[in-house]
Each structure stands twice: as C-alpha cells, then as structure tokens.
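[1] I'd like to go over a predicted model; first the sequence, then the structure.
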Amino acid sequence: MVHRVLVVEDETDIRDLVCHALEAAGYQGIPAESVENAQPLVESNPPDLLILDWMLPGQSGIDFARRLRRTEPTKSMPIIMLSAKGDAEDKVKGLDAGIDDYLAKPFSQKELIARVKAVLRRTNREIGEDGTVQVEGLAVDTVSHMVSANGQVLSLSLLEFNLLHFFLTHQGRVYSRAQLLDNVWGHDRFVEERTVDVHVRRLRKALEETGHDRLIKTVRGVGYRCAVN
Ligand code: CA
C-alpha cells in the first residue's frame with residue numbers, strides 16, 4: 001500500500017523537492033500550489049497525509065488546516081505544517097489548530113521523511129514497525145500476507161487481503177467504490193465499480209465466523225467505511 005501525500009506549497013522549488021523526497025522514500029507525492037487547488041483533491045480522494053505550507057497565496061495553510069479540522073471526513077487527516085517562520089509562537093499556534101507536526105524551513109529531506117514516517121505511524125497506531133496491523137483480534141501481516149482472526153488463520157485472496165488492509169489502515173472515513181478502486185486496485189485497471197461490492201461481500205464472508213464482518217459498514221448511497229470501536 002503506497003501512502004498518498006498531498007503537498008500544498010506555492011514555492012515551486014520546495015514543492016518539487018518535497019515531492020521528490022517523498023517519491024524516493026516510497027510515497028506518492030501529489031503537488032498542489034494553493035488551497036484552491038488542494039481543496040478538490042482533498043474532497044475527491046482524501047490523501048493519507050497533508051503537507052501544508054503556512055503562507056500561501058489566497059487562503060493561508062493554517063486557515064485551511066482549521067477548516068479541515070472542523071468537518072467530519074477530514075477531521076482526523078494527518079497534517080504536517082511547513083513554515084519559514086521558525087519561532088515557538090507559530091509552532092504553538094499551529095498545534096492549537098490541530099496539526100500533527102511542524103517543520104521549519106529550511107529542512108533536510110532526511111528530516112522531512114522522518115517526520116512523515118512518525119506522523120503516519122502515530123496516526124495509524126495499530127500498525128507495527130513490521131507492517132502488522134492488529135485490530136480487535138484481527139491480525140494482518142503484510143510480510144507473510146497472512147490474516148488471522150482470534151488466532152485462527154483465514155484464507156483470503158490477494159485482493160481481499162489488500163482490501164482488508166486498506167480498510168484497517170483507513171478507519172473511520174467513508175470511501176466510495178471509485179476511491180476503493182483507485183486505492184486498492186490501482187489507477188490503470190479497468191474494473192467496474194460493482195466488482196468492489198463482490199470483493200467486499202467475499203471479505204465479509206471470510207470474516208463472518210469470528211464476527212469481524214461487522215467492522216466493514218455499508219454507507220448507503222456512498223460506499224464503505226471501516227468502523228472500529
Ligand atoms: Ca509559501
């Protein structure tokens with residue numbers, strides 16, 4: 001699973017540098033030069049992490065962060081704030097707005113990637129260092145591609161495995177069928193949206209015996225959501 005990181009920065013050099021560093025570290029960097037450009041991207045397919053510059057033309061990064069924190073689907077989207085102003089007062093202001101971390105310019109690529117990793121790890125608390133996801137008795141191991149429920153090994157196809165992994169690492173948010181296709185199947189495949197329903201049904205069936213099928217909710221008219229208590 002490649003994490004998608006939206007980079008909102010008006011300075012071309014820094015935006016390119018951040019996206020390049022992300023790609024080199026195995027993430028997908030999605031560039032945007034303003035809040036206006038970032039907004040539709042955030043709505044159509046929420047990224048796993050947002051790297052947001054403080055000072056932007058038009059709406060500022062910090063105002064955008066506040067706005068995202070107020071609305072339900074983006075409330076828990078991880079945000080790292082970039083700023084040329086490195087003083088403590090700004091840092092406190094940023095953290096007040098609910099951002100997850102703060103990086104003062106200039107920063108090294110190494111520093112940036114370390115922060116990205118730390119924030120993703122913190123915000124997906126169930127994911128261990130080794131890539132194992134454990135949620136309510138379900139254990140998904142991305143190295144051995146094994147899934148067990150209450151200690152019992154389940155047999156899942158690769159697609160169902162990827163789908164389950166995506167749900168568990170993106171809890172709480174509703175995903176449309178098109179978004180699931182993008183994230184789990186990949187962009188270049190031509191697959192009909194009802195294929196998603198078929199695989200969700202198979203996944204639920206596999207999880208039924210131990211009652212874990214309840215984790216994957218259907219949101220009528222929208223799509224699916226992973227709900228963990
Ligand atoms: Ca700027």
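    Done, it's in.
[2] going forward, measure contacts between C-alpha atoms and count neighbours the same way
    OK.
[3] now the residue nearest the centre of the chain. Nearest residue, chain neighbours left out?
    Centroid-nearest residue in the chain: Asp48, 1.9 Å away (criterion: CA atoms, centre = their mean). Of all residues not flanking Asp48 in the chain, Arg4 sits nearest, at 5.3 Å (CA to CA, 6 or more residues apart in numbering).
[4] what's the burial count for that neighbour?
    By other CA atoms under 10 Å, 20 other residues sit near Arg4.
[5] for it, give me its contacts.
    Arg4 makes contacts with 27-30, 47-49, as judged by CA atoms under 8 Å, 6 or more residues apart in numbering.
[6] Ser148 and Thr132: what is the separation?
    Ser148 is 11 Å from Thr132, where distance means CA to CA, to the nearest Å.
[7] neighbours of Gln59, how many?
    With other CA under 10 Å as criterion, Gln59 counts 13.
[8] so it makes contact with Asn37?
    No. Counting by CA atoms under 8 Å, Gln59 stays clear of Asn37, with 10.9 Å between them.
[9] most neighbours among the contacts of Arg4, please name it.
    Using other CA under 10 Å as the neighbour criterion, Gly29 leads these with 24 neighbours.
[10] residue contacts, that one?
    Applying CA under 8 Å, 6+ apart to Gly29 gives the contacts 4-7, 18-20, 22-23.
[11] try it again at 7 Å.
    4-7, 19, 22-23 (CA atoms under 7 Å, 6 or more residues apart in numbering).
[12] list the ones among the residues you listed that fall in helices.
    Here DSSP state H is the test, and the contacts of Gly29 give 19, 22-23 as lying in helices.
[13] in stretch 217-229, what's buried?
    Neighbour-count burial for stretch 217-229 flags 217-218, 223-227 (criterion: 16 or more other CA atoms under 10 Å).
[14] list the contacts of it.
    By CA under 7 Å, 6+ apart, the surrounding residues in contact with stretch 217-229 are 167-168, 171-177, 215-216.
[15] try 8 Å this time
    135, 167-168, 170-177, 215-216.
[16] out of the residues you listed, which one sits closest to Arg67?
    Nearest to Arg67, judged by CA to CA, of those is Arg173 at 17.0 Å.
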